[in-house]
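[1] below is the structure, and that's it, no one-letter string:
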């Protein structure tokens, strides 16, 4: 399998999940502005949506959308516990949280990365994010992880998007449980490996 990624983008989430599951995944960096891969491929031809992540399966098919890719990877190694079994209440809870992060956090961050976004819109988006983080703060104040009692694909996704806060000057000081969660996830060996591989953390 080959994972098309951009350093620090939402593709970090399936990268982490692949490492946590012990799955051999080849990495291919994408220039998201030029839409070219590191090996010179036209990324539009790989993913017509034009964004990462994209996962080329061994069959040659390409799977897109981060929340789907992380579940696919987790299901390849069910013993990893990265996703509860399909059809269980816990699996629907995982999908519920992945959907929440995707629609309420991930997409809300997007305009904050665009220099042309007006200040008023930036302020409104940041306030919206704080309201959405408040719900997750409640969960993480009493639970180590988002779903069940172990690290799952949802935690990888939340860690990835919340890392963006520092890049858009979003102050999360009012969310101590979220900040503690970020440190907890960052300390995981496989997360460290993913960050180093993407050039986000200098090797020791």
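    Perfect, I can see it now. All values reported here derive from a predicted model rather than from experimental measurement. Numbers count the residues shown, from 1 in each chain.
[2] which residues touch residue 97?
    Residues near residue 97 by CB atoms under 8 Å, 6 or more residues apart in numbering: 146, 147, 154, 158. From N, CA and C alone the C-beta is placed, and that goes for glycine too.
[3] show me those that map onto helices.
    Of the positions in these, 154, 158 sit in helices, assigned by DSSP state H.
[4] how about the contacts of residue 97, which pair is most distant?
    Pairwise distances across these (CB to CB) peak at 10.5 Å, for the pair 147 and 158.
[5] looking at these two, which one has more neighbours?
    Applying other CB atoms under 10 Å to residue 147 and residue 158 shows that residue 158 carries more neighbours, namely 26 against 23.
[6] wouldn't that one be in contact with residue 135 here?
    No - counting by CB atoms under 8 Å, residue 158 does not reach residue 135; the two are 11.7 Å apart.
[7] before we move on, the earlier item: can you redo the contacts of residue 97 as JSON lines with distance to residue 105?
    Formatted as JSON lines, the contacts of residue 97 follow (distance: CB to CB, whole Å):
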{"residue": "146", "distance to residue 105": "12"}
{"residue": "147", "distance to residue 105": "16"}
{"residue": "154", "distance to residue 105": "12"}
{"residue": "158", "distance to residue 105": "8"}
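[8] which of the contacts of residue 97 lies closest to residue 84?
    Looking across those and measuring by CB to CB, the closest to residue 84 is residue 147, at 7.3 Å.
[9] residue contacts, the closest one?
    Counted by CB under 8 Å, 6+ apart, residue 147 has contacts 84, 90, 93, 94, 97, 154, 155.
[10] of all the contacts of residue 97, which comes closest to residue 166?
    The nearest member of the contacts of residue 97 to residue 166, counting by CB to CB, is residue 158 at 14.9 Å.
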